[in-house]
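Student: Turn this into a model:
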Amino acid sequence: MPFTFTHEFNTPAFKGKVSFNTGLFINGQFLDGSDNTTIDVVNPTNGKVITSVSEGTPKDVDLAVEAAQTAFDTTWGLHAPGAQRSILMSKLVALMEKNADELAALEALDNGKTYNWARNVDVAGSIDCIRYYAGWADKITGQVQETTEDKLTYSRHEPIGVVGQIIPWNFPLLMMAWKIGPALACGNTVVLKPSEFTPLTAIRMCHLINEAGFPPGVVNVVTGYGNTAGNAISSHMKIEKVAFTGSTLVGRKIMEAAAKSNLKNVTLELGGKSPNIIFDDADIEQAVNWAAFGIFWNHGQTCTAGSRIYVQEGIYDEFFKLFMEKTRSLKIGDPFAPDTFQGPQVSEIQFNRIMSYIESGKAAGAKVEIGGERHGTEGYFIKPTIFTNVNPSMKIVQEEIFGPVCVVIKFKDEEDVIKQANDTFYGLAAALFTQNLNRAINCKD
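Tutor: Numbers count the residues shown, from 1 in each chain. All right, here's what the predicted structure looks like:
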């Protein structure tokens, strides 16, 4: 029988008791995994086990796909009008709003992000996302085209079927909403795998999905490891599409698995090494604040984090002084404390990965201006870290670190900085700070 997770929150930000089943969610029921094994969920503030969740295997993915296909063939898909799907999704929105504080607390507990950010960004954004797609569910229509004077053709939009979704640990609830929202609105059924590090909000959402009245099998959640449950989803012959958000390395594996199985459609949102470009005419105070936010928010665990900061030589010294002051002011600590900006990294694995990049930078001759070490003696806290004296060949300049680590680089002019900014195999995001609109447009192009 699956575990029941019970926890009493008594924090400055949230007080309350939560209790819910942590089994696999298949066909509307919470089940043990087929091997009766579990995965420990760890509190990143202290490294202690919070609870255990059922571990899904490829056999469990098969069961989830079967349930999803049955639902698609009988109670969802073309058997559930858009208006019906919209009503159920709107009910889910209402339940998320009712339980918003609890969802934020769970997010802070197993992810380590601050409660305030979780409540005001992650949970609020997730609610807005589901509400948005609930509004679209009954507005999906085809078209009639007059191709000649005596001929009409028409198009219709049909759901794909069973879709697989694999979400990351940095924005667990928000990524779930981004994935299930459009899929459900269009009439697809879902088999979703959350990260094994941060499964609690996904499991809690399953209870809300049942409470909202979704037919069994429309949404299925299989907690498990990437190389087993994740691989089973990406290579499954009866899953028609897979969506994945995460690392570039794993994205390549998913694309390969999709190609080697049934050539399923693939949507990937992968890593980044985003440049923040700050020109001489920028509002320095704004540039400093946004550059700090861009790299240190969510503990640097953001695919669009502005980890390469390029500053034009005319304001470099002033910017750097203020940027250092801003970084020193950021409060690291308890995610539930109201004044905390940065909590711990999500896991020991991620902590060690980030620290290895920091050591690599030091060994390569880069200068640590601030940070470069752990914060405190327990948990997975890392001090915000700024490197200078870097060159383009260094790993800390070229590779995604996914932590509170940035490099600050001086540049001469537009031609120089565009060349440096584009010296990467990532292409996810970029930002620039200038009050010259022509310059902004030219650099963007």
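
Student: Summarise which helices and strands the helix or strand containing Leu249 is packed against.
Tutor: Using DSSP states H and E, Leu249 sits in helix 248-260. Where contact means 3 or more C-beta pairs under 8 Å, 6 or more residues apart in numbering; DSSP states H and E, helix 248-260 is packed against helix 231-234, strand 241-245, strand 265-269. In short, each C-beta sits where N, CA and C put it, glycine included.

Student: and among the ones you listed, the most buried is which?
Tutor: helix 231-234 (a mean of 25; mean count of other C-beta atoms under 10 Å).

Student: How about residues contacting that helix?
Tutor: For helix 231-234, the external contacting residues (C-beta atoms under 8 Å, 6 or more residues apart in numbering) are 57-58, 61-62, 164-166, 191, 193, 222, 239, 242, 244, 253-254, 257-258, 261.

Student: try 7 Å
Tutor: Pro58, Val61, Gly164, Ile166, Val191, Lys193, Ile239, Val242, Ile254, Ala257, Ala258 (C-beta atoms under 7 Å, 6 or more residues apart in numbering).

Student: Give me the buried entries from those residues.
Tutor: Pro58, Val61, Gly164, Ile166, Val191, Lys193, Ile239, Val242, Ile254, Ala257, Ala258 (16 or more other C-beta atoms under 10 Å).

Student: with those in mind, which one is nearest to Lys395?
Tutor: Distance to Lys395 across the buried ones among the contacts of helix 231-234 (C-beta to C-beta) is lowest for Ile254, with 24.4 Å.

Student: Now do the same contact list for the residue nearest in space to the middle of the chain.
Tutor: Geometric centre of the chain, nearest residue: Phe171, 3.7 Å, by C-alpha atoms, centre = their mean. If a contact means C-beta under 7 Å, 6+ apart, then Phe171 has Asp122 as its contacts.

Student: From Asp150, how far off is it?
Tutor: Between Phe171 and Asp150 the computed distance is 53 Å (C-beta to C-beta, to the nearest Å).

Student: what does Glu66 give?
Tutor: Distance from Glu66 to Asp150, by C-beta to C-beta: 47 Å.

Student: The two: who's more crowded?
Tutor: Ranked by neighbour count (other C-beta atoms under 10 Å), Glu66 and Asp150 place Glu66 first, with 17 against 6.

Student: and that one, what helix or strand is that in?
Tutor: Here Glu66 is assigned to helix 58-74, by DSSP H and E.

Student: One more: Phe425?
Tutor: Here Phe425 is assigned to no helix or strand, by DSSP H and E.

Student: State the phi and psi torsions of it.
Tutor: Backbone geometry at Phe425, expressed as degrees, to the nearest 10, gives phi -90, psi 0.

Student: Start at 739, not 1
Tutor: Shifting the count to begin at 739 puts that one at Phe1163.

Student: That one - how many residues pack around it?
Tutor: The burial count for Phe1163: 9, using other C-beta under 10 Å.

Student: Could you check how far it is from Phe752?
Tutor: Distance from Phe1163 to Phe752, by C-beta to C-beta: 41 Å.

Student: what helix or strand does Ala921 sit in?
Tutor: Counting by DSSP H and E, Ala921 is found in helix 910-923.

Student: which residues touch that helix?
Tutor: Against helix 910-923 from outside (C-beta under 7 Å, 6+ apart): 823, 827, 841, 845, 849, 860-861, 863-864, 867-868, 871-872, 874-875, 901, 903, 905-906, 928, 930, 932-933, 936, 939-940, 943, 957, 981, 983.

Student: doesn't Val787 make contact with Arg847?
Tutor: No, residue 847 isn't Arg; it's Leu. No - between Leu847 and Val787 there is no contact under C-beta atoms under 7 Å: 12.0 Å.

Student: out of those two, which sits in the more crowded spot?
Tutor: With neighbours defined as other C-beta under 10 Å, Leu847 and Val787 compare such that Leu847 has more, 27 against 10.

Student: OK, contacts around the more buried one?
Tutor: Counting by C-beta under 7 Å, 6+ apart, Leu847 makes contact with Asn781, Ile788, Leu938.

Student: and of those, the nearest to Asp1183?
Tutor: Looking across the contacts of Leu847 and measuring by C-beta to C-beta, the closest to Asp1183 is Leu938, at 43.9 Å.

Student: so what's the backbone phi/psi at the closest residue to the closest one other than its chain neighbours?
Tutor: Using C-beta to C-beta, 6 or more residues apart in numbering and skipping the chain neighbours, the partner closest in space to Leu938 is Leu844 (4.5 Å). In terms of degrees, to the nearest 10, the main-chain angles of Leu844 are phi -60, psi -40.
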